[in-house]
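**Student:** Quick one, fold the following:
(2 chains)
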Amino acid sequence: MAGVAVSTTINGDAVEYLCQPDETLLEVLRDRLGLTGAKEGCGTGDCGACSVIVDGRLVCSCLVLGAEAEGRKVETIEGMAHGDQLHPLQQKFLEHAALQCGICTPGFLIAAKDLLEKNPSPTEEEIRFGLAGNLCRCTGYDKIVRAVQDAAEVMKGA
Amino acid sequence: MRYIRPLSIEDAVGELAKAVGPAAILAGGSDLLVRMKGGFIEPELIVDIKAISGLADITQTADGFRIGAAVPCAVLGENKAVRKAWPGVVEAANLIGSKQVQGRCTITGNLCNASPAADSVPALVAAAAKAVVAGPSGKRTIAVESVPTGPGRTSLAKGEIIEAILLDKRPEHAGDAYLRFIPRTEMDIAVVSAGVNLTLDDKGAIKTARVALGAAAPTVLLVEEAGQVLVGSRLDEATLERLAKICSGACRPIDDKRGTIEFRRKVAGVLAQRAAAIAYKRAGGK
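**Tutor:** Prediction:
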């Protein structure tokens, strides 16, 4: 079976790959490109562990075909820190212990980044609704919400 | 399996019309990819319609709005003009799934997936929205309520694609609303739902009304009698009682894990009353 040739941009870098027509963007990122930050939780768009940003839109990469990335701009968790310099959200997740097993964390960070870019001063309720597409079975969400609130303060001051 | 991304609606229709095995149309993929993953559908051809000119655009025309089939619900929600004219349609569309799903899902896909519980469909039916269908023998415009024929089934023929949803321009004193019942606060599928669309005369009496119910029958229901009972009223208590009774009576629901027949009947009436009150207020009624 012939593959689909795709030219795309991932975290600012031009990337080319061949994928099968039924292969998801998540599978391409993880299995072909070695970008294993996005996780497969449910594989059906319910848990948000595979969240990435495509052309400025937060999406579940398990519900996007690899072939659809042609000509798009994809942002993943691997592009969030600048070298050793963590993104304020990453720093605050550490400080607030907003993770335990860590499987959901890349998805939460990407979703929270998208949330704060669109709404720099969200209320607690807006954060909880904004992150409703991301499931966490460890933290009970409270520490995640606090970390996002704290990061929002830091980012506003920056 | 083949994946193609045609640049014109004619090419897309042509490919679908000549497809030998099962073919699927891909816009947001939030239903299609889940069904593929679950093994419910194994398409031999996927036609991605997002690169077709005009399908990703919302355009304002002399008659109203044209919402392209590939417009994600998040984009619809950010459109101030549509939100102002049709707040009920937009709030229904924005209830589908999470932020992640909103970035991909479309109202056309919601309609064509033909779930009785589709959130945007009762609002679109109440709004008297129309679907522009492109097919091998040309284009036709049909009422949205004629698209779903049963759970997962539509009236679309082989080779046909809905390219846009049309919403009328609003007269003065018009309002619509959509409400659903879910046991959670977010990220759930409607147990039962109601969409109401009203226009008022200069004195505040209801001039025209359309009421639609979701998850209450095999397809979304347009309850014409419920609309008729509202006409001429100002939503007094007695009218609201009759509205609820008609809606409860019109339901043909099922018992399932989300709710019983009895519960769905009761709540359909209550939601219709509440949605009517919101639509009335939005239309400027007091």
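**Student:** can we go C-alpha only for contacts and neighbour counts from here?
**Tutor:** Fine.
**Student:** what does chain B have sitting close to chain A?
**Tutor:** Residues of chain B lying close to chain A (C-alpha under 8 Å from any C-alpha of the partner chain) are B:1-3, B:29-30, B:33-34, B:37, B:97-101, B:103-104, B:186-187.
**Student:** Just the buried residues out of those residues, in PyMOL syntax.
**Tutor:** Here is the PyMOL command that picks out the buried ones among these, judged by 16 or more other C-alpha atoms under 10 Å in any protein chain shown:
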select buried, chain B and resi 2+3+29+30+33+34+97+98+99+100+101+103+104+187
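**Student:** Looking at the residues of chain B next to chain A, which are in strands?
**Tutor:** B:2, B:3 (DSSP state E).
**Student:** can you tell me which of the residues of chain B next to chain A are in helices?
**Tutor:** Residues of those located in helices (DSSP state H): B:33, B:34, B:37, B:99, B:100, B:101.
**Student:** Select, from those residues, the two members most distant in space.
**Tutor:** Maximum pairwise distance among those (C-alpha to C-alpha): 21.0 Å, between B:37 and B:99.
**Student:** Just the closest residue of chain A to chain B, please.
**Tutor:** Here chain A gets closest to chain B at one residue, residue A:59, 4.1 Å apart by C-alpha to the nearest C-alpha.
**Student:** Residue A:136 - how many residues pack around it?
**Tutor:** Using other C-alpha atoms under 10 Å in any protein chain shown, residue A:136 has 20 other residues around it.
**Student:** Let me see the mean pLDDT of the helix or strand hosting residue A:9.
**Tutor:** Using DSSP states H and E, residue A:9 sits in strand A:4-10. Here strand A:4-10 scores 98 as its mean pLDDT.
**Student:** got it, and stretch B:55-74?
**Tutor:** 98.
**Student:** Pull up the distance across that stretch, start to finish.
**Tutor:** 15 Å (C-alpha to C-alpha, to the nearest Å).
**Student:** for chain B, what are the nearby residues on chain A?
**Tutor:** A:4, A:21-22, A:43-45, A:48, A:51, A:57-60, A:63-64, A:67, A:129-133.
**Student:** Take these and keep only those in helices.
**Tutor:** If you go by DSSP H, those have A:129, A:130 in helices.
**Student:** What's the local residue count around the nearest residue to residue B:33 once chain neighbours are set aside?
**Tutor:** Distances taken as C-alpha to C-alpha, 6 or more residues apart in numbering or on different chains place residue A:63 nearest to residue B:33, at 5.8 Å, with adjacent residues excluded. Neighbourhood size, residue A:63 [other C-alpha under 10 Å]: 26.
**Student:** now residue A:34
**Tutor:** Neighbours of residue A:34 (other C-alpha under 10 Å): 10.
**Student:** And the pLDDT for it?
**Tutor:** pLDDT at residue A:34 comes out at 98.
**Student:** remind me which residues of chain A are low pLDDT?
**Tutor:** Applying pLDDT under 70 to chain A picks out residues A:1.
**Student:** same thing but 90
**Tutor:** A:1-2, A:157-158 (pLDDT under 90).
**Student:** Kindly list the longest helix within it.
**Tutor:** helix A:142-157.
**Student:** CA atoms of that helix as PDB?
**Tutor:** Below are the C-alpha coordinates for helix A:142-157, written out as PDB (Å, rounded to 0.1, in the frame of the first residue of the first chain):
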ATOM      1  CA  ASP A 142      -7.400  21.100  42.000                       C
ATOM      2  CA  LYS A 143      -3.700  21.400  41.800                       C
ATOM      3  CA  ILE A 144      -3.900  21.700  38.000                       C
ATOM      4  CA  VAL A 145      -6.300  24.600  38.300                       C
ATOM      5  CA  ARG A 146      -4.100  26.300  40.900                       C
ATOM      6  CA  ALA A 147      -1.000  25.900  38.700                       C
ATOM      7  CA  VAL A 148      -2.900  27.400  35.700                       C
ATOM      8  CA  GLN A 149      -4.100  30.300  37.800                       C
ATOM      9  CA  ASP A 150      -0.600  30.900  39.100                       C
ATOM     10  CA  ALA A 151       1.000  30.600  35.600                       C
ATOM     11  CA  ALA A 152      -1.600  33.100  34.300                       C
ATOM     12  CA  GLU A 153      -0.500  35.700  36.900                       C
ATOM     13  CA  VAL A 154       3.200  35.100  36.000                       C
ATOM     14  CA  MET A 155       2.500  35.400  32.300                       C
ATOM     15  CA  LYS A 156       0.500  38.600  32.700                       C
ATOM     16  CA  GLY A 157       3.500  40.100  34.500                       C
END
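**Student:** Against which helices or strands is that helix packed?
**Tutor:** Here helix A:142-157 touches helix A:88-95, helix A:124-130, going by 3 or more C-alpha pairs under 8 Å, 6 or more residues apart in numbering or on different chains; DSSP states H and E.
**Student:** Please repeat the previous calculation with a cut-off of 7 Å.
**Tutor:** helix A:88-95 (3 or more C-alpha pairs under 7 Å, 6 or more residues apart in numbering or on different chains; DSSP states H and E).
**Student:** what comes into contact with the helix it packs on?
**Tutor:** Residues outside helix A:88-95 that contact it (C-alpha atoms under 7 Å, 6 or more residues apart in numbering or on different chains): A:99, A:109, A:144, A:147, A:148, A:150, A:151, A:155.
**Student:** how distant is it from the center of its chain?
**Tutor:** 15 Å (C-alpha atoms, centre = their mean, to the nearest Å).
**Student:** which of the residues in that helix are buried?
**Tutor:** Within helix A:88-95, the residues scored as buried using 16+ other C-alpha under 10 Å are A:88, A:89, A:90, A:91, A:92, A:93.
**Student:** How is chain B partitioned into domains?
**Tutor:** B:58-168, B:174-282 (automatic domain parsing).
**Student:** should've said chain A
**Tutor:** Split by automatic domain parsing, chain A gives A:4-76, A:88-157.
**Student:** pull the CA atoms of stretch B:134-153 into CSV?
**Tutor:** Output of stretch B:134-153 as CSV, limited to C-alpha atoms (Å, rounded to 0.1, in the frame of the first residue of the first chain):
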residue,chain,number,x,y,z
ALA,B,134,-24.2,19.0,-4.2
GLY,B,135,-24.6,15.8,-6.1
PRO,B,136,-24.0,14.1,-9.5
SER,B,137,-27.1,15.7,-10.9
GLY,B,138,-26.5,19.2,-9.6
LYS,B,139,-27.4,21.2,-6.5
ARG,B,140,-30.5,21.3,-4.4
THR,B,141,-31.5,23.1,-1.2
ILE,B,142,-33.5,21.1,1.4
ALA,B,143,-34.8,21.6,4.9
VAL,B,144,-32.3,20.3,7.5
GLU,B,145,-35.0,18.1,9.1
SER,B,146,-35.2,16.1,5.9
VAL,B,147,-31.6,15.0,6.1
PRO,B,148,-31.6,12.5,9.0
THR,B,149,-34.0,9.5,8.4
GLY,B,150,-33.0,7.4,11.4
PRO,B,151,-30.1,6.8,13.8
GLY,B,152,-27.0,7.0,11.6
ARG,B,153,-29.0,7.2,8.4
